[in-house]
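Novice: Pasting the sequence and the predicted model now:
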Amino acid sequence: MKYKRRKVLEGLFVGLAVPVAAEGQMPNEASLLPPQPGDLLVYAYGDAAGSVVSVDDLKADSKQVFAWAMDPLAGTIRNGTRMNQLVLVRVDPARMSEATAARSAGGLLAYSGICSHTGCDVTDWNGEFLRFQCPCHESQFDPADGARVVGGPAPWQLASLPLENRDGKVGVAGEFEGRVGFQQPGLSPFGI
């Protein structure tokens, strides 16, 4: 029984560490780095995957999109780990807290796309209250107030990524602010 549990836990850990780089490719070191100041944001999924996000692409107070940071000189997309996954949303600046507004680029905000509770992707949007919502355990985060936890079991807010307008493109202005990752009480930082 003990051996089986260890194997299951090892498998979970390996699954979390498995890179999400392009099919058939191993990630390079630069793709594992967190978003860096000077990077541009690119769409993570769909028809626009890999395309640079423009400052005017998103409508205010509509569902978030997933993005990755990209080194504009080398063209390296920082998708070698899920911990680099971002949710990008435009919020009406009149609704933003002062600290949140300081990290935005024309109302655009970027946060870690990994729920701080058990590490699920923050894919849902509560249109009634204009909040991110985790589909796994219903944690909700207010993007207008630093992705503060406003419902559910998540232990802390989503880490924020300061943005800037770089000639009409969404650029990274600084390092993540806050804790990236997830943890349940009494467990390791990886939730196992």
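Specialist: Perfect, thanks for sending it.
Novice: all helices of this protein, in order?
Specialist: Remark: helices assigned in the chain by DSSP state H are 2-17, 29-32, 98-102.
Novice: any idea how far the second one is from the chain center?
Specialist: Read that as helix 29-32. For helix 29-32, the separation from the chain centroid amounts to 16 Å (computed by C-alpha atoms, centre = their mean, to the nearest Å).
Novice: residues making contact with that helix?
Specialist: Helix 29-32 is touched from outside by 19, 21, 71, 74, 76-81, 84, with contacts defined as C-beta atoms under 8 Å, 6 or more residues apart in numbering. Where you see a C-beta, it was placed from the backbone N, CA and C, and this is true even at glycine.
Novice: before we move on, back to that, flag whichever of the helices of the chain has the least confidence on average.
Specialist: Set side by side, the helices of the chain give their lowest mean pLDDT on helix 2-17, at a mean of 41.
Novice: Could I have the buried ones of the contacts of helix 29-32 as ChimeraX selection syntax?
Specialist: For the buried members of the contacts of helix 29-32, the matching ChimeraX selection, counting by 16 or more other C-beta atoms under 10 Å, is:
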select :21,71,76,77,78,79,80,81,84
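Novice: Restricted to strands, list the contacts of helix 29-32.
Specialist: Secondary structure from DSSP state E places none of the contacts of helix 29-32 in strands.
Novice: Pick out the lowest-pLDDT one from the contacts of helix 29-32.
Specialist: Lowest pLDDT of the contacts of helix 29-32: P19, 44.
Novice: sorry, back to before: closest one of the contacts of helix 29-32 to G168?
Specialist: Proximity to G168 was ranked across the contacts of helix 29-32 by C-beta to C-beta; first place goes to D71, at 18.8 Å.
Novice: Would you confirm that the closest one contacts V42?
Specialist: No. Because the distance of 10.6 Å does not satisfy C-beta atoms under 8 Å, D71 is recorded as not touching V42.
Novice: In this protein, where is pLDDT below threshold?
Specialist: Filtered on pLDDT under 70, the chain yields the residue ranges 1-26, 184-192.
Novice: just the strands in it please.
Specialist: For the chain, strands defined by DSSP E occupy the ranges 40-43, 65-70, 86-90, 108-112, 124-126, 131-133, 140-142, 148-151, 160-161, 163-166, 169-172.
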